[in-house]
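*Asks:* Mind looking at a prediction? Sequence and model below.
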There are 2 protein chains.
Amino acid sequence: MKIAILGGTGEQGPGLALRLAMAAEEVIIGSRSQERAEQVAADLNAELGEARIRGLENPKAAEAAEIVIMTVPYSAHLSTLESVKAQVEGKIFVDVSVPLDPENPRRMKMPPAGSAAEEAQEFFGPATRVVAAFQNVAAHLLRDPRHPIDCDVLVCGNDAEAKKTVMSLVAKMGLHAYDVGAAESARVVEGLTSILIRLNIRHKVKGSGIRLTGLPR
Amino acid sequence: MKIAILGGTGEQGPGLALRLAMAAEEVIIGSRSQERAEQVAADLNAELGEARIRGLENPKAAEAAEIVIMTVPYSAHLSTLESVKAQVEGKIFVDVSVPLDPENPRRMKMPPAGSAAEEAQEFFGPATRVVAAFQNVAAHLLRDPRHPIDCDVLVCGNDAEAKKTVMSLVAKMGLHAYDVGAAESARVVEGLTSILIRLNIRHKVKGSGIRLTGLPR
């Protein structure tokens, strides 16, 4: 499957790209700067020992892909959505954004829609199927594929088939996904990220996460 | 410590009472009906083999206690807060409430304050220290103290000392607590409950829960 990772040169993008490429997916790193996208793709390909990742500007990356993942900081959420609206129409759009309070990342500052994922779904309209995922997985753990990740991926969105597709990608990356409901569940899933950031700071660790218990795995 | 459990005859109350009594705390079951409170206390004492729990009407239970835990269904949230306002002043008030949508328990219907715990803190004012806890622990697991519970307790509230007191009670009950921030974190913690209910229904289990990972225990 052709998968674009918009904002793919940021914190969480390279790790997602690497793990998806290792799962034999065709990955396109998207960035505002094509040069930067190509650079990160080249670095990751060197690590893979094979050219499986390429770099493009965000709209071109979105255009070329079947599934589009977006990992930009929340301050760039709406502007990035705008820049790829036409290119993602009819596709699955995976929103990894977390509306942290810019003045305090241990707090949320939710948009009027309720969450970043709901905002994206509202912005795109029903033709694009928004799925929220990956918000709770620490970037540096994703980036180190030799280490297993002790964190489940909570997946939500309004389209059941789209969630299934994303959950199978999660499984290919060696993580376990749970379908936690419609897009509005993103209020909880995104909110958990600020709680994990708070716990990271308090306990002086970098990679706290969450596991669901008492469920089939 | 003298601990009242208001709504203690409902789903989560008896398990909390039993585990607190086994941890050598003095427990008072509160209910709208004194007779019903006494009956549940008698049943639990029979199980304990010792009379460590008594039953009273909610306001009298709150009056007699140093810490007041409330586990009523959300439909009775405000009316129960009103019924004990004077009796809890200056005390620690542990809110276990979850504002589930009455028409669909897999969804939340948050009050204007943002969460049940914030609503309680707003209602009582600063003299009473509200702490939110225990919302994610399945009632039937609490009720069976021979079984360890694979679920962490996320504790939040605006008063650090009050949270510490509640966290030490959680530890005495054999559970692990994490301080996840101010009262507004209850939006996430309460919201997790509807996600766990959804997962219970979908996976046909009764006791899904949550563990935080990557942190010291």
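*Replies:* Noted; the coordinates are in hand. Just so it is clear, the model here is predicted, and its values are computed rather than measured.
*Asks:* what sits against the residue most central in space within chain A?
*Replies:* The centre of chain A sits closest to residue A:96, judged by C-alpha atoms, centre = their mean, with a distance of 3.4 Å. Contacts for residue A:96 (C-beta atoms under 8 Å, 6 or more residues apart in numbering or on different chains) come out as A:12, A:16, A:69-71, A:132-135. Backbone N, C-alpha and C define where each C-beta goes, glycine included.
*Asks:* Show me these that map onto strands.
*Replies:* Counting by DSSP state E, these place A:69-70, A:132 in strands.
*Asks:* Chain B next: which of the contacts of residue A:96 are close?
*Replies:* Counting by C-beta under 8 Å from any C-beta of the partner chain, the subset of those that neighbours chain B is empty.
*Asks:* JSON lines please, covering those residues and showing pLDDT and distance to residue A:57.
*Replies:* Shown next, in JSON lines, are these (pLDDT from 0 to 100; distance: C-beta to C-beta, whole Å):
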{"residue": "A:12", "pLDDT": "94", "distance to residue A:57": "19"}
{"residue": "A:16", "pLDDT": "97", "distance to residue A:57": "18"}
{"residue": "A:69", "pLDDT": "98", "distance to residue A:57": "16"}
{"residue": "A:70", "pLDDT": "98", "distance to residue A:57": "14"}
{"residue": "A:71", "pLDDT": "97", "distance to residue A:57": "16"}
{"residue": "A:132", "pLDDT": "98", "distance to residue A:57": "24"}
{"residue": "A:133", "pLDDT": "98", "distance to residue A:57": "24"}
{"residue": "A:134", "pLDDT": "98", "distance to residue A:57": "22"}
{"residue": "A:135", "pLDDT": "97", "distance to residue A:57": "25"}
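*Asks:* Now the buried members of these.
*Replies:* Neighbour-count burial (16 or more other C-beta atoms under 10 Å in any protein chain shown) is assigned, among the contacts of residue A:96, to A:12, A:16, A:69-71, A:132-135.
*Asks:* from the residues you listed, which single one is nearest residue A:141?
*Replies:* residue A:12 (10.2 Å; C-beta to C-beta).
*Asks:* Assess the claim that that closest one and residue A:142 are in contact.
*Replies:* Yes - Residue A:12 is within contact range of residue A:142, at 6.3 Å (criterion: C-beta atoms under 8 Å).
*Asks:* Need the overlap of contacts for those two.
*Replies:* residue A:134.
*Asks:* so where do the strands sit in chain A?
*Replies:* Going by DSSP E, chain A shows strands at A:2-6, A:26-31, A:53-57, A:67-70, A:92-95, A:100-101, A:104-108, A:129-132, A:153-157, A:177-179, A:209-213.
*Asks:* Where among the ones you listed is average confidence lowest?
*Replies:* Looking at the strands of chain A, the lowest mean pLDDT belongs to strand A:104-108 (a mean of 91).
*Asks:* for that strand, packing partners?
*Replies:* On a contact count with 3 or more C-beta pairs under 8 Å, 6 or more residues apart in numbering or on different chains; DSSP states H and E, strand A:104-108 meets strand A:100-101, helix A:186-203.
*Asks:* can you pull the buried residues of the helix or strand bottoming out on mean pLDDT in chain A?
*Replies:* Using mean pLDDT, DSSP states H and E, strand A:104-108 stands out as the lowest-scoring helix or strand of chain A, at a mean of 91. Buried residues in strand A:104-108, counting neighbours by 16+ other C-beta under 10 Å, are found at A:106-108.
*Asks:* ok now it, how far from the chain's centre?
*Replies:* 19 Å (C-alpha atoms, centre = their mean, to the nearest Å).
*Asks:* same question, stretch A:161-175
*Replies:* 12 Å.
*Asks:* Kindly report the same for stretch A:30-44.
*Replies:* That offset, for stretch A:30-44, works out to 17 Å (C-alpha atoms, centre = their mean).
*Asks:* before we move on, what about stretch A:50-60?
*Replies:* 16 Å.
*Asks:* contacting residues around that stretch?
*Replies:* So stretch A:50-60 is contacted by A:4, A:6-8, A:17-18, A:21, A:26-34, A:36-42, A:44-45, A:61, A:64, A:80, A:83-84, A:87 (C-beta under 8 Å, 6+ apart).
*Asks:* now do stretch A:12-24
*Replies:* So stretch A:12-24 is contacted by A:3, A:5, A:7-8, A:27, A:29, A:40-41, A:43-44, A:47-48, A:52-53, A:69, A:71, A:96, A:134, A:137, A:139-145, A:169, A:172-174 (C-beta under 8 Å, 6+ apart).
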